[in-house]
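Got a sequence here, can you model it:
(one chain, ligands or ions: 1)
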Amino acid sequence: MWKIGNIEIKGKTILAPMAGITTFAYREFMRSFGVALCYTEMISDSGLIFNNEKTYEYLPRPEEKRPTSVQLFGGETTKLLVAIEKIEKHTDNYDFLDLNLGCPVPKVTRNNGGSAWLKHPNELIAMVEKVVKRSTKPVTVKIRIGWDEKHINFKELLPKLEEAGVSLIAIHLRTTKQLYGGKARYDLAQNIQNLVSIPLVVSGDIYTLDDAIKALEITGAQAVMLARGQLGNPFLATQIETYFKTGERLKDPSLYQQLDYLWTLANMMVEEKGEHMGILVMRGIAHHFIKGFPFTKTYKVKLTKMSTLNDLELIIKEIKNQALLI
Ligand SMILES: Cc1cc2nc3c(=O)[nH]c(=O)nc-3n(C[C@H](O)[C@H](O)[C@H](O)COP(=O)(O)O)c2cc1C
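Alright, predicted model coming up:
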């Protein structure tokens, strides 16, 4: 057990913020597999300020379970502060305010948001101090290791961020220039937890239980963030949580279990977003659930073209029938 501020976090896995994926339904789905904390996807300060209805849908719902982090992005201190007021007026149903300091997308960094902050450490720290003062919730940040290979500055930043008053730092162990490619740089992150006394969380390339064990051993961090590694493999969270609680190594799920998980998530998405939008989101996610099983390649295309829950049900039936034949 460990704490962020004075809130106890009951596990070693955290659902990473993922734009377009970690919606309300997705967060609730992953909580059922044991993740100890969920982040919303990144939420635009401008969207909040301009009262964009869609932006407000990204915020936690009244029925959201806890703990939850709301992730905010923006490139100007004054706008971030206004956006925090907007969030606080809209909802109290979250535990942490997270600042996105790692997004590499040009649309965001061009406006000085996301990981562009890492290029200006003084401005960054001044902004964080103000945000910490303004937010009634503990503030956390998510960073990358630096802008590019020549400007890796996360180790200098960690104590400064701690001093600025943040309660947790999540580090995606890639540079901005790496985007999502190449390996996460665990080689640069030996014992980084010793650099600060607030908890650290590491993000990058956690696909298996052994990846999680290694990441925590190398860095000394309190938890791992699950991102692409849990897409289509939600049981990874259960495997990691169980291992750290009991030492037991749970077997990977069968194809049948995977199809059940897929069906459950699709129904939750449809409940959240309605059938049309829910299935559109599932088109991008569903095929991950059958990844690595023999003969399933042909179904990948079908899953990316489905339009209704009924389509998905038929595809799942076909896969199960095919599995019976071999
Ligand atoms: C589709 C997608 C969307 C993402 N959206 C966000 C986001 O909104 N905020 C954020 O801080 N990171 C975001 N990330 C980064 C992840 O949280 C995570 O740090 C990154 O994927 C590295 O972990 P991985 O190698 O295990 O995938 C996103 C990643 C992906 C793949």
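
make it CA atoms for all contacts and neighbour counts henceforth
Will do.

which one is V270 nearest to, not counting chain neighbours?
G278 (4.4 Å; CA to CA, 6 or more residues apart in numbering).

Pull up the gap between the nearest residue to M18 once chain neighbours are set aside and the ligand, please.
Once flanking residues are discounted, M18 sits nearest to E41: 5.0 Å by CA to CA, 6+ apart. For E41, the distance to the ligand equals 4 Å [CA to the nearest ligand atom, to the nearest Å].

Go over the secondary structure and confirm E41 is in a helix.
No. Using DSSP: H, G, I helix; E, B strand; the rest coil, the assignment for E41 is coil, not a helix.

Now for the residue nearest to V270: which residues touch it?
Shown in contact with G278 (CA atoms under 8 Å, 6 or more residues apart in numbering): 266, 269-272.

which one among those residues gets closest to the ligand?
Closest approach to the ligand among those (CA to the nearest ligand atom): M269, at 16.5 Å.

doesn't R27 make contact with that closest one?
No. Proximity of M269 to R27 does not meet the contact threshold set by CA atoms under 8 Å, at 10.4 Å.

The protein against the ligand: which residues are in contact?
Residues of the chain lying close to the ligand (CA under 6 Å from any ligand atom) are 16-19, 41-42, 100, 102-103, 142, 172, 203-206, 226-229.

In strands only, show me the residues you listed.
Judged by DSSP state E, the subset of these located in strands is 100, 142, 172, 203, 226.

Kindly reformat those residues as TSV containing neighbour count and pLDDT.
Below are those laid out as TSV (neighbours: other CA atoms under 10 Å; pLDDT from 0 to 100):
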residue	neighbour count	pLDDT
N100	27	98
K142	24	98
H172	25	98
S203	25	98
L226	26	99
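
burial measure for K251, as a count.
For K251, the count of nearby residues is 9 (other CA atoms under 10 Å).

On the three-state scheme, it is what?
coil.

Sticking with the nearest residue to it once chain neighbours are set aside, tell me its helix or strand.
Spatial nearest neighbour of K251, excluding adjacent residues (CA to CA, 6+ apart): Q239 at 8.0 Å. In this assignment (DSSP states H and E), Q239 forms part of helix 235-246.

next helix or strand past that helix?
Sequence order places helix 255-273 as the next helix or strand after helix 235-246, per DSSP H and E.
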